[in-house]
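S.K.: Below: sequence and its predicted model.
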Amino acid sequence: GCRSNLTGKHILITAGPTHEPIDPVRYIANRSSGKQGYAIAAAAARAGAKVTLVSGPVALPTPPGVTRVDVETARQMATAVEAALPADVAIMVAAVADWRSAGEAARKIKKDGSGSVPPLQLVENPDILATLCRSDRRPPLVIGFAAETNDVIDHATAKLARKGADWIVANDVATHAMGGNINRLHIVSAAGVESLPELPKDAAAAALIEKVAHALA
Ligand code: C5P
C-alpha cells in the first residue's frame with residue numbers, strides 16, 4: 001500500500017490520563033488506557049516523523065523511535081507540551097482531568113468514624129489544547145480528540161470552534177468499551193466529516209497518520 005512519509009516533521013502527541021492528587025494516596029482521573037494515543041505515536045514514528053509523546057500514567061511500552069516524556073498532572077502536561085515546541089503537528093489524545101483538588105493534602109486524609117466526609121474543593125485545570133491553539137507558537141496543524149457518549153458529530157463540531165483546533169477526531173465511547181482495542185473515528189474539520197470504519201486502534205492510527213501526511217504534503 002502507499003506509505004505515509006513524515007520525514008523531517010516533528011509530531012507532538014499527548015496520551016493517557018492525568019492524575020490529580022487529592023492526598024498522597026488518592027487522585028482524580030479520567031478513564032484512559034493510552035492505547036489510541038500510543039498507536040498514533042507508533043504510526044507517526046513508522047512514517048519517519050520525529051515524535052514527542054507526552055504521556056500521563058499508563059501501563060504501555062514506549063513505541064520504537066518515540067521520545068517519551070512522562071507526566072502525572074495536567075499542569076505538568078501543559079508544561080511538557082510547551083517545552084516540546086516547536087512542532088509541525090500536535091495531536092492531543094490525552095484524557096486530561098478537567099478539575100483538580102484545590103489543595104493537595106500533605107498527609108493521608110483519615111476517616112474519623114463519625115460518618116462525616118471531607119470537603120473536596122475543585123479548581124479548573126488548564127485546557128492544554130485550547131491554550132496551544134491560541135499560542136503564538138501554534139503548530140500549523142492541531143488535532144484534538146473528543147470522546148463522546150452521544151451526539152458524537154455535533155459535540156465534535158462544537159468543540160472544533162471552541163478549542164480552535166483544525167480537526168477534532170471524535171470517537172463514540174458508548175459503543176466501544178474504553179480500554180478495548182477497536183475504535184471508530186470520525187474526523188471533523190471545516191471541510192466536513194470523514195468517518196473511518198470500525199478498526200483496530202493501530203489501523204485507525206495508521207489511517208489518521210496517512211491523512212496527516214496528505215494534509216502536510
Ligand atoms: O472538551 P474536551 O475537554 O473533552 O476536549 C477534549 C480534547 O481537549 C482532547 O483533545 C484533549 O486532549 C484536550 N484537552 C486538553 N486539556 C484539557 C482538556 C482537554 O488538552 N484540560
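M.R.: Looks like it arrived, so ask away.
S.K.: In contact with Thr7, which residues?
M.R.: Residues in contact with Thr7, defined by C-beta atoms under 8 Å, 6 or more residues apart in numbering, are Ala47, Gly48, Ala49. Just so you know, the C-beta spots here come from the backbone N, C-alpha and C atoms, and that holds for glycine as well.
S.K.: now do 7 Å
M.R.: Contacts of Thr7 were listed using C-beta atoms under 7 Å, 6 or more residues apart in numbering, and they are Gly48.
S.K.: Counting by contacts, list what the helix or strand bottoming out on mean pLDDT in the chain packs against.
M.R.: Lowest by mean pLDDT, DSSP states H and E among the helices and strands of the chain is strand 182-183, with a mean of 86. In terms of contacts (3 or more C-beta pairs under 7 Å, 6 or more residues apart in numbering; DSSP states H and E), strand 182-183 is packed against strand 199-200.
S.K.: mind listing what the strand it packs on pairs with, with the direction of each?
M.R.: The strands beside strand 199-200 in its sheet (DSSP bridges) come out as strand 182-183 (antiparallel).
S.K.: Do the following helix or strand past the strand it pairs with and the ligand come into contact?
M.R.: Toward the C-terminus, strand 182-183 is succeeded by strand 185-189 as the next helix or strand (DSSP states H and E). No: counting by C-beta under 6 Å from any ligand atom, no contacts exist between strand 185-189 and the ligand, the nearest distance being 12.0 Å.
S.K.: One more: stretch 119-135?
M.R.: Yes: Stretch 119-135 lies in contact with the ligand when judged by C-beta under 6 Å from any ligand atom; the contacting residues are Asn125, Pro126, Asp127, Ile128, Leu129.
S.K.: Please save the CA atoms from that stretch in CSV.
M.R.: Taking Å, rounded to 0.1, in the frame of the first residue of the first chain, the C-alpha atoms of stretch 119-135 are listed here in CSV:
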residue,chain,number,x,y,z
PRO,A,119,-14.9,18.7,51.8
LEU,A,120,-13.4,18.3,48.3
GLN,A,121,-12.9,21.7,46.6
LEU,A,122,-12.2,21.5,42.9
VAL,A,123,-10.5,24.0,40.6
GLU,A,124,-10.3,24.0,36.9
ASN,A,125,-7.2,22.7,35.1
PRO,A,126,-5.6,24.5,32.2
ASP,A,127,-7.0,23.4,28.8
ILE,A,128,-3.8,22.3,27.1
LEU,A,129,-5.4,22.0,23.6
ALA,A,130,-7.2,25.4,23.7
THR,A,131,-4.1,27.1,25.1
LEU,A,132,-1.9,25.6,22.3
CYS,A,133,-4.3,26.7,19.6
ARG,A,134,-4.2,30.3,20.9
SER,A,135,-0.4,30.3,21.4
